[in-house]
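Colleague: Take this sequence and fold it.
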Amino acid sequence: MIPEYTDITVADARLIQNQLRSRLDIAERELSVSVIAGADISLNLYSPVVYAGIILLSFPSLQPIAYALVKAEVHFPYIPGYLAFREVPPLAEAWEMIPHKPDVLIVDGHGIAHPRRMGIAAHIGVLLEQTTMGCAKKILCGSYEGLPDTLHSYVPITESGETIGYAFRSKARTAPVFVS
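Modeller: So this is what the prediction gives:
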């Protein structure tokens, strides 16, 4: 069951992230992938109402199979580094509505490329016991160097000598996304 995260402080949230991190499994593994899911939230900046969506796609053809949409009210403010406490409850509600679970869930946000190694993708993955990866539009922590301008180029994102993700260019000469 996914908590609602009502009436918690930032200190509480940090403690929860640290506890969840102890359950995180980032070991490499073989994964047979035939269905992927994408998850994201749409919102108005100053409204507590969000729209959570998850779409299932066949892989590798990327043909839509199913989707779930949820309108929900969030109870945690937007605070950088604590996005999961705002967005995981409505995403989990959408997750419960999808007819079958994917091999991998891709979440708009960070996985372990996060100051406490517990971004929204890692957070929801642990709670759902689901293989997840984060794909974010902005880097949150760490650094990368030498990303070529070419299609499908990638370089590691590192922090304190640890690889925590990859900067990936999905199109030539466009801004990278950050995968972890």
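
Colleague: secondary structure class for Gly125?
Modeller: helix (DSSP: H, G, I helix; E, B strand; the rest coil).

Colleague: what about it, how many residues close to it?
Modeller: By other Cβ atoms under 10 Å, the residues close to Gly125 number 25. No exception for glycine: its C-beta is placed from N, CA and C like everyone else's.

Colleague: got it, and the one 4 residues further on?
Modeller: The burial count assigned to Glu129 is 9, neighbours taken as other Cβ under 10 Å.

Colleague: Tell me the pLDDT of the most centrally placed residue in the chain.
Modeller: Centroid-nearest residue in the chain: Ala121, 2.7 Å away (criterion: Cα atoms, centre = their mean). Looking at Ala121, its pLDDT reads 98.

Colleague: What segments of this structure are strands?
Modeller: Under the criterion DSSP state E, strands of the chain are mapped to 35-43, 49-58, 64-73, 104-108, 132-136, 154-159, 162-168, 177-179.

Colleague: ok, and the closest non-adjacent residue to Val107?
Modeller: In space, and not counting its chain neighbours, Val107 is closest to Ala121: 3.9 Å by Cβ to Cβ, 6 or more residues apart in numbering.

Colleague: mind checking the backbone torsions on Lys101?
Modeller: Here is the backbone geometry of Lys101 (degrees, to the nearest 10): phi -90, psi 140.

Colleague: so what secondary structure elements neighbour the longest helix seen in the chain?
Modeller: Longest helix in the chain by number of residues (criterion: DSSP state H): helix 84-97. Applying 3 or more Cβ pairs under 8 Å, 6 or more residues apart in numbering; DSSP states H and E, we find helix 84-97 packed against helix 10-21, strand 35-43, strand 49-58, strand 64-73, helix 120-128.
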